[in-house]
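>>> pasting the sequence and the predicted coordinates here, then a few questions.
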Amino acid sequence: MLLAIDTATFRASIALHDGAAIVGECTWEAANRHTVTLMQRIESLMTSAGLRAADLRSLAVCIGPGSYTGVRIGVALAQGLALSLGLPLVGIETTEIVAAAQPADERPLYALFSAGRQRIGYARYRWDEGWRREGEITLAGWPDFAAALEGPAIVVGEIDAQGRELLRGLEAVEIPPAPRHLRRASYLAELGRTALQAGAESRPEMIRPRYLH
């Protein structure tokens, strides 16, 4: 059983993957209450699935970028669990989780997340038997991002009111329906499982948070 943990931004998500299916998932608005809510939600999810800590075999965690505090809380808890239980832990970046939820499309995809102080982080992806990132994750304000964006394109992720207002004025830019913007730990779990099977670094002490400055 793999436990996936994502607390990189104001929205948190956890999921359980048994190797064939998602057996439980919980996503909620954590705001600044990650520390208070995270372990409670994990315990509740595992209890509802009839599982104990001893049933876990691996973990996956979102390593950011995102909120400094949010990323740190999720990574620290995942490392603590992995080390105490002697389990492998794999780290996945924020935009990879956003992109994984999107269907195939010939247009470029911009995967976003809230970076605080009215800024966003984003990465550009192209479809090539899966979404492949082009370049690095970039930090920007909404006006700068909108000014640099060229259609046709798909923009998905944590888009606030200012962002929606700016993006509405751009031709050939699609904002998908609300469910596709949700960064869900079920996708993190699948990415983590695939990474572990491919031999990704899984020693808990080697997993490091990623921050943008």
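Right, received. Where do you want to start? Remember, it's a predicted structure, so these values are computed and weren't measured experimentally. Numbering: from 1, shown residues only.
>>> need the longest helix for the protein.
Longest helix in the chain by number of residues (criterion: DSSP state H): helix 68-85.
>>> tell me which residues in that helix are buried?
Neighbour counts over helix 68-85 (16 or more other Cβ atoms under 10 Å) mark 70, 71, 72, 73, 74, 75, 77, 78, 79, 81, 82, 85 as buried. For every residue, glycine as well, the C-beta is placed using N, CA and C.
>>> and which of the residues you listed is nearest to residue 95?
residue 71 (13.3 Å; Cβ to Cβ).
>>> and that closest one, what pLDDT?
pLDDT, residue 71: 97.
>>> dump the residue contacts of it.
Contacts here follow Cβ atoms under 8 Å, 6 or more residues apart in numbering; on that basis residue 71 touches 7, 8, 62, 63, 64, 65, 209, 210, 211.
>>> now the residues you listed in CSV, with neighbour count, secondary structure and distance to residue 198?
Formatted as CSV, the contacts of residue 71 follow (neighbours: other Cβ atoms under 10 Å; DSSP: H, G, I helix; E, B strand; the rest coil; distance: Cβ to Cβ, whole Å):
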residue, neighbour count, secondary structure, distance to residue 198
7, 30, coil, 25
8, 34, coil, 22
62, 33, strand, 18
63, 23, strand, 17
64, 29, strand, 21
65, 23, coil, 23
209, 21, coil, 22
210, 16, coil, 19
211, 16, coil, 25
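>>> beta partners for residue 17?
Beta-bridge partners of residue 17, counted by DSSP bridges, are residue 2, residue 22.
>>> test my guess that it contacts residue 188.
No - using Cβ atoms under 8 Å, residue 17 is not in contact with residue 188, being 9.2 Å away.
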